[in-house]
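Colleague: next come a sequence and a model predicted from it.
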Amino acid sequence: MTRVQMIGVGKRYPARGSGSAPVVAVDDVSIDVASGEIHAVIGYSGAGKSTLLRLVNGLEQATSGSILVGDDDVTKLSESKLRAVRGRIGMIFQQFNLFHSKKVAKNVEYPLVVAGVPAEERKRRVAEMLDFVGLGDKADSYTDQLSGGQKQRVGIARALATNPGVLLADEATSALDPETSQEVLGLLKRVNEEFGITIILITHEMEVVRSIANRVTVMEKGRAVEQGDVFDVFSDPQTDTTRKFVATALPTQPEAEHLEELHRRHRGSLVTLTFRDGDVDQPVVFQTLADRGVGVSIVHGGVTDVGGRSFGKLTLELIGDDVRVEHAIAALGQQADLEVLAR
Ligand SMILES: Nc1ncnc2c1ncn2[C@@H]1O[C@H](COP(=O)(O)OP(=O)(O)OP(=O)(O)O)[C@@H](O)[C@H]1O
């Protein structure tokens with residue numbers, strides 16, 4: 001069980017040539033990752049996610065701030081002490097980074113050889129890890145005979161071989177198709193639950209965050225612009241960047257141009273209801289409309305799971321005479337977060 005604390009972390013790369021400015025890749029980022037947490041860092045390309053991850057395992061030196069992995073501040077350690085800390089940090093990669101000329105078992109064994117673990121124990125551990133990731137029968141295959149999903153499973157087995165307290169995942173599912181991605185994410189969730197390993201994952205995919213993370217940091221231009229519980233951040237986004245990510249994976253209300261088209265097809269009043277973690281009782285909503293003699297059809301949106309809690313936006317067309325519809329809107333406004341889009 002390992003806590004990772006990034007406190008005011010910065011990374012500035014020197015200017016590449018005369019006349020160009022230094023690049024501030026990470027700018028005063030603080031993230032407190034509790035032990036046993038799955039923390040996602042999401043952002044667009046160039047936001048500074050990969051740099052931040054490389055600072056955590058000391059592959060790059062921060063230019064400001066401190067990063068505690070357990071009790072060790074990786075920004076202050078000598079190279080030899082850093083090597084010991086890296087042994088407690090596993091890492092998996094978008095392109096898997098396996099040795100293609102070695103068999104699967106040898107790939108998984110590699111970090112144990114580096115750590116000086118005796119041969120017998122290495123053999124036992126490799127078999128244990130391959131069984132855990134469901135590749136017990138592939139020990140003697142070469143990695144280029146495996147599918148992408150299987151390669152990432154080998155990557156996970158290798159990362160876990162030395163029994164780390166923290167796993168860093170660098171776009172671990174970005175090279176995989178959606179179904180295989182879900183399988184790998186399910187495996188990471190098991191890693192977290194069964195071994196209590198803290199996971200920090202960086203991604204540009206909202207779906208990854210939605211399905212496995214507990215907490216999230218949204219990065220933009222090197223800065224952490226939003227942070228918190230996945231449900232809280234995505235059910236009530238405060239920045240445009242977060243809103244854009246939300247729109248890629250969660251039910252939203254129709255965009256202005258779509259709304260016009262929608263209203264041409266549905267001439268009644270259009271209202272959007274927001275559902276957050278069971279705060280609105282759907283049968284009560286529909287009963288309220290029925291009681292007032294107002295007809296309803298669902299024209300946009302849905303309800304989905306975010307960080308284990310339900311969230312959604314439903315746009316409804318309310319059909320009936322104007323007075324009844326206005327009464328229904330007033331009553332619904334008492335029960336739910338409601339926005340009238342068109343009358
Ligand atoms: N070694 C380096 N030297 C100079 N600038 C760098 C270096 N590495 C990264 N950068 C710059 O730092 C910024 C952040 O890059 P970084 O790769 O961390 O972002 P990212 O969010 O991981 O994006 P991507 O997913 O595209 O890798 C970018 O402007 C990038 O050009």
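Modeller: Received it, and whenever you're ready, just let me know what you need. Numbers count the residues shown, from 1 in each chain.

Colleague: so the spatially most central residue of the chain, which state does it fall into?
Modeller: When Cα atoms, centre = their mean is applied to the chain, the residue found nearest the centroid is Val209 (2.4 Å). Counting by DSSP: H, G, I helix; E, B strand; the rest coil, the backbone at Val209 sits in helix.

Colleague: quick one, what contacts it?
Modeller: With Cβ atoms under 8 Å, 6 or more residues apart in numbering as the criterion, the residues that contact Val209 are 40, 42, 203, 216, 230, 234, 245. Every C-beta, even on glycine, is put in place using the N, C-alpha and C of the backbone.

Colleague: and the furthest pair within the residues you listed?
Modeller: The distance between the two most remote of those (Cβ to Cβ) is 13.6 Å, for Thr203 and Phe234.

Colleague: more crowded one of the two?
Modeller: Counted by other Cβ atoms under 10 Å, Thr203 and Phe234 do not tie: Phe234 has more neighbours, with 25 against 22.

Colleague: about what we covered before: of the contacts of Val209, which belong to helices?
Modeller: 230, 234, 245 (DSSP state H).

Colleague: the nearest residue to Gly307 once chain neighbours are set aside: how many residues sit nearby?
Modeller: In space, and not counting its chain neighbours, Gly307 is closest to Val230: 3.5 Å by Cβ to Cβ, 6 or more residues apart in numbering. Counted with other Cβ under 10 Å, residues neighbouring Val230 total 24.

Colleague: identify the residues contacting Val230.
Modeller: Under the criterion of Cβ under 8 Å, 6+ apart, the neighbours of Val230 are 40, 209-210, 213-216, 306-307.

Colleague: now it: how far from Gly333?
Modeller: Per Cβ to Cβ, to the nearest Å, Val230 is found 28 Å from Gly333.

Colleague: same question for Leu187.
Modeller: For Leu187 relative to Gly333 (Cβ to Cβ), the value is 45 Å.

Colleague: hmm, stretch 87-95 in reach of the ligand?
Modeller: No. Applying Cβ under 6 Å from any ligand atom, one finds stretch 87-95 out of contact with the ligand, separated by at least 8.9 Å.

Colleague: no wait, stretch 13-27
Modeller: Yes. Under the criterion of Cβ under 6 Å from any ligand atom, the ligand is reached by stretch 13-27 at 13, 23, 25.

Colleague: can you report how many residues lie near the residue nearest to His100 when sequence neighbours are not counted?
Modeller: Take His100 and drop its neighbours on the chain: the residue closest to it by Cβ to Cβ, 6+ apart is Asp144, 5.0 Å away. The tally of other residues near Asp144 (other Cβ under 10 Å) stands at 9.

Colleague: with Val114 instead?
Modeller: Counted with other Cβ under 10 Å, Val114 comes out at 12.

Colleague: the ones in helices among the contacts of Val209 into CSV, with extra columns for distance to the ligand?
Modeller: Listed next are the ones in helices among the contacts of Val209 as CSV, based on distance: Cβ to the nearest ligand atom, whole Å:
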residue, distance to the ligand
Val230, 19
Phe234, 19
Phe245, 13
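
Colleague: closest to Gln287 out of the residues you listed?
Modeller: Nearest to Gln287 among the ones in helices among the contacts of Val209, counting by Cβ to Cβ, is Phe234 at 29.1 Å.

Colleague: pretty sure that closest one contacts Glu207?
Modeller: No. Judged on Cβ atoms under 8 Å, Phe234 makes no contact with Glu207 at a distance of 11.6 Å.

Colleague: Provide a list of residues in contact with Ser269.
Modeller: Here Ser269 is in contact with 317-318, 325, 329, 340, 342-343 (criterion: Cβ under 8 Å, 6+ apart).

Colleague: for PyMOL, write the select line for the buried members of these.
Modeller: Applied in PyMOL, the following selects the buried portion of those according to 16 or more other Cβ atoms under 10 Å:
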select buried, resi 317+318+325+329+342
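
Colleague: which ones among the contacts of Ser269 map onto strands?
Modeller: The members of the contacts of Ser269 that map onto strands under DSSP state E are 317-318, 340, 342.

Colleague: enumerate the residues of this structure near the ligand.
Modeller: Counting by Cβ under 6 Å from any ligand atom, the chain sits next to the ligand at 13, 23, 25, 43, 45-51.

Colleague: rerun at 8 Å
Modeller: Residues of the chain lying near the ligand by Cβ under 8 Å from any ligand atom: 11, 13-14, 16, 23-26, 43-54, 60, 171, 202, 204, 219, 222.

Colleague: mind telling me which residue of the stretch 51-200 of the chain is nearest the ligand?
Modeller: Thr51 (3.3 Å; Cβ to the nearest ligand atom).

Colleague: wait, doesn't that residue sit right on Gln61?
Modeller: No. Checked against Cβ under 8 Å, the pair Thr51 and Gln61 is beyond contact range at 11.2 Å.

Colleague: who's more crowded, these two?
Modeller: Taking other Cβ under 10 Å, Thr51 and Gln61 do not tie; Thr51 has more neighbours (22 against 11).

Colleague: tell me the confidence at that one?
Modeller: Note on Thr51: pLDDT of 96.

Colleague: likewise for the one 10 residues further on?
Modeller: Looking at Gln61, its pLDDT reads 94.

Colleague: what about the nearest residue to it once chain neighbours are set aside, helix or strand, and which?
Modeller: The spatial neighbour of Gln61 that comes closest, neighbours along the chain excluded (Cβ to Cβ, 6+ apart), is Thr75 at 7.1 Å. Thr75 belongs to no helix or strand when elements are defined using DSSP states H and E.
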